[in-house]
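Engineer: Starting from these lines, generate the structure:
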Amino acid sequence: MTRTRVTPGVTVAGYMTATTVLSPHPDDAVLSLWHILAGPGDVAVVNVFAGKPAGDEVEWWDSLTAAADPQSRMAERWAEDREALGLAGREAKNLEFIDLQYRSEEQPLEPLIEAIQAAAPTGLLLAPSDLGADHPDHALVRDAALALRDRGRDVALYADLPHATRNGLPRSWRLSLNGAGVATEQIEPEVRRLSPEEAARKREAFERYQTQFAALDEMFDLAEHPERLHYEVTWRLPGA
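Structural biologist: Have a look, this model is predicted:
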């Protein structure tokens with residue numbers, strides 16, 4: 001039976017000298033793993049779907065967040081992410097893969113695997129579980145990390161916040177992780193409850209994403225339920 005352990009101090013980063021957070025988009029790392037970013041050790045961030053789109057049509061999410069055009073919006077998101085990560089003393093490497101809303105064709109997995117391996121050749125990979133997000137970009141990054149695990153990399157998954165709170169916790173964890181092909185009876189969730197100071201600092205970083213903040217805040221009712229960002233969850237996976 002899978003057990004849940006809530007700890008105010010132990011971090012996944014402590015297992016390795018180098019940790020890379022694989023963030024599907026600029027903002028996912030800050031939303032989901034603030035305690036890792038603000039903690040000790042060598043922590044890098046790789047934003048996978050952070051390429052500048054070629055077209056000029058404003059797509060659904062950009063329209064929802066009142067973007068003028070895709071190119072300037074992505075440049076804004078890069079700048080916001082630099083500022084937010086800077087509060088934790090971190091910086092991101094942006095890969096050139098294109099966000100789902102801009103793609104007209106399916107994204108193959110192998111180029112993602114190769115690009116992630118090149119961007120983060122050693123150390124622990126922290127990848128999204130696609131828990132609650134049900135988003136192809138999140139699932140692709142997870143699957144790329146699991147493929148690298150099959151090739152010998154050390155991998156952990158994390159709960160995608162705030163999406164993971166859609167169906168409550170922990171009931172939805174096992175359903176989602178089993179869907180990813182991970183044997184949940186072999187893993188134990190590590191839940192980090194942020195201190196009031198950490199939660200306030202995370203909120204400050206979240207507010208740096210000015211183009212995204214209002215839509216996410218309203219969609220997940222974060223003003224009314226700030227605790228949805230206060231519990232950060234990781235699963236350390238056994239070796240392949």
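
Engineer: So W78 belongs to a helix, correct?
Structural biologist: Yes. W78 sits within a helix when classified using DSSP: H, G, I helix; E, B strand; the rest coil.

Engineer: mind listing the strands in this structure by residue range?
Structural biologist: 5-7, 18-23, 42-47, 92-94, 124-128, 155-158, 189-193, 231-236 (DSSP state E).

Engineer: Can you check what angle separates the third one from strand 124-128?
Structural biologist: Computed by axes from the mean of the first three to the mean of the last three CA atoms, to 10 degrees, the angle separating strand 42-47 from strand 124-128 equals 40 degrees.

Engineer: Which strands border strand 42-47, and is each parallel or antiparallel?
Structural biologist: Here strand 42-47 has these sheet partners by DSSP bridges: strand 18-23 (parallel), strand 92-94 (parallel).

Engineer: ok, and for that strand, which residues are buried?
Structural biologist: Buried residues in strand 42-47, counting neighbours by 16 or more other CB atoms under 10 Å, are found at 43-47. Backbone N, C-alpha and C define where each C-beta goes, glycine included.

Engineer: any idea of the mean pLDDT for it?
Structural biologist: Model confidence over strand 42-47, given as mean pLDDT, is 97.

Engineer: So what touches it?
Structural biologist: Strand 42-47 is contacted from outside by 13, 17-26, 29, 36-37, 81, 85, 90-95, 116, 119-120, 123, using CB atoms under 8 Å, 6 or more residues apart in numbering.

Engineer: what sits against L216?
Structural biologist: By CB under 8 Å, 6+ apart, the residues touching L216 are 31, 162, 209, 222.

Engineer: my bad, should have said D56
Structural biologist: When contacts are counted by CB under 8 Å, 6+ apart, D56 is found next to 69-71.

Engineer: So which of these are in helices?
Structural biologist: Members of the contacts of D56 lying in helices (criterion: DSSP state H): 70-71.
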